[in-house]
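# just coords:
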Ligand code: HEM
């Protein structure tokens, strides 16, 4: 008995020593270059507690002040290098992006689908990216403007005179726009089922990945399976009909010559809904807030949007609807969107992982370490933007310095949906400012992170016709 216990203890010790020696946090010790400045905190827990006990942005800024724009820390069990200079962000995301791969928790991969674009590098990623870009480039999305115009108009009409949660309602709007751009006219038939499944799926995003009957994670995985079945059903109907007049993302995936499997298509449809919905809804929510907080900005936006309506007076009802060229007559509104993206920085940072030992500015970034470009710090640095906390759309009359404005990321994984996002935001602002007034209900000085930066409680507002 004693021998067995001793043997088990020895095996345990060998296992732990082996694990520690192989862990990325330990592996750097034999190498010549120094690590970036900073602290790795306590063993295992690192500085996770400090990060979560205060506003994460205060944590990042205080570290940056102390150690400079490239510093090390240890959070959520991972050694990390955080970077907050435009040059370092360019190095990681763009010029040397081959040395850094995207990285996500395994549970996220299981939920969105392992074959979704975000999780890949090299050939498969490039192939998907081409297909996604084809569906979201200006020439493709210009055909959706009038449909998006109707969705925006209907959405706001339904709130007239009500108290609403801006974020929740904008999520419905951006979900409907995402489905339209992914499934085109097929979305109407499947919208309610897709919505039901997607809403169950998202409840499990932040749950413990325990796949046992009754857990949130288990319900999410079931909803995910059902979503994939609906997508497979749409694909099979399209194949039977054998017509190729669709101009949506699904058509782009199905038209690929080498062919994607139904499973690959489903993973990417679900992935794009995920990427498109809460991001755009968060930005829209901030716009509702910033326009109320800045009455002169609201006045200028309203004047620009009313001028578009005025130009169309006397035309037929169909011609009075917004079209692509109208969205090009909104230069001031565009600057308001840019400034919102900068100030709100809804994605405070992103994650990469070094695929080999990397030298940056005389420091070692060891293989396996996470690397976090801190978008919010770059957008809020006085070195990059004068008086950075001020909401001032006119600052975008001059183009920002290179690599200082990264709301859609940079390089090979930058956002392929950015044109669609900006267009649907412009259309919503058009209807909002020309037909409605709104006021914020309750205190609104706090930011919540879930995970995107959002006004407190999703910004409850009262909205009514002018
Ligand atoms: C204002 C709204 C949006 C913001 C702020 C935003 C931001 C971003 C950022 C920062 C990235 C890069 C992340 C990284 O490098 O790790 C990204 C990637 C991505 N976004 Fe967006 N996004 C928005 C809307 C959309 C929309 C509407 C779509 C689709 C229609 C979309 C689809 C994607 C996809 C597929 C990726 C992954 C690209 C790849 O890995 O190659 N996004 N987004």
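Alright, I've got the coordinates. From a predicted model like this one, the values you see are computed outputs, not experimental measurements.
# and the residue of the stretch 301-450 of the chain nearest the ligand?
Per C-beta to the nearest ligand atom, the residue of the stretch 301-450 of the chain with the smallest distance to the ligand is residue 417, at 2.1 Å. C-beta here means a position set from N, CA and C on the backbone, and glycine is covered the same way.
# what about that residue, distance to residue 274?
To residue 274, residue 417 is 11 Å away according to C-beta to C-beta, to the nearest Å.
# same for whatever helix or strand residue 202 lives in, what does it pack against?
Element membership for residue 202 (DSSP states H and E) is helix 187-203. Counting contacts by 3 or more C-beta pairs under 8 Å, 6 or more residues apart in numbering; DSSP states H and E, helix 187-203 is packed against helix 166-183, helix 216-241, helix 262-293.
# Would you mark the buried spots in the shortest one?
Under the neighbour-count criterion of 16 or more other C-beta atoms under 10 Å, helix 166-183 has 166-167, 169-171, 173-183 buried.
# How about the residues of this structure by the ligand?
Counting by C-beta under 6 Å from any ligand atom, the chain comes close to the ligand at 102, 117-118, 129, 132, 136, 178, 181, 272, 275-276, 279-280, 283, 346-347, 350, 407-409, 413-417, 420-421.
# circling back: let me know how buried the residue of the stretch 301-450 of the chain closest to the ligand is, in neighbour terms.
Residue 417 has 22 neighbours, counted by other C-beta atoms under 10 Å.
# same question, residue 65
Neighbourhood size, residue 65 [other C-beta under 10 Å]: 8.
# swap in residue 213?
So residue 213, with other C-beta under 10 Å, has 7 neighbours.
# In contact with it: list those residues for me.
Contact criterion C-beta atoms under 8 Å, 6 or more residues apart in numbering gives no residues in contact with residue 213.
# Low-confidence stretches in the chain?
Where the chain drops to pLDDT under 70, the residues are 1-31, 53-54.
# what sits against the residue nearest the centre of the chain?
Most central in the chain under C-alpha atoms, centre = their mean is residue 279, positioned 4.7 Å from the mean C-alpha point. By C-beta under 8 Å, 6+ apart, the residues touching residue 279 are 346-347, 421, 452.
# what about the strands in the protein?
Using DSSP state E, the strands of the chain run over residues 70-75, 78-83, 100-102, 162-165, 352-354, 358-360, 363-365, 370-373, 436-440, 447-449, 453-455, 460-465.
# what lines up beside the third one in the sheet?
Looking back up the chat, that one is strand 100-102. Looking at strand 100-102 with DSSP bridges, its partner strands are strand 352-354 (antiparallel).
# follow-up on the earlier one: filter the residues of the chain next to the ligand down to the buried ones, ChimeraX style.
Burial among the residues of the chain next to the ligand is assessed by 16+ other C-beta under 10 Å; the matching ChimeraX selection reads:
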select :102,117,118,129,132,136,178,181,272,275,276,279,280,283,346,347,350,407,408,409,413,415,416,417,420,421
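# about what we covered before: redo the helices and strands packed on helix 187-203 as TSV? Include distance to residue 33.
TSV is the format used below for the helices and strands packed on helix 187-203 (distance: least, C-beta to C-beta, whole Å):
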stretch	distance to residue 33
helix 166-183	45
helix 216-241	41
helix 262-293	36
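# now for those helices, which one comes closest to residue 56?
Closest approach to residue 56 among those (C-beta to C-beta): helix 262-293, 15.8 Å.
# List the buried residues for that closest one?
Residues of helix 262-293 classed as buried: 262, 264-292 (neighbour count, 16+ other C-beta under 10 Å).
# now residue 208, nearest residue through space, not along the chain?
Closest residue to residue 208 apart from its sequence neighbours, by C-beta to C-beta, 6 or more residues apart in numbering: residue 217 at 6.5 Å.
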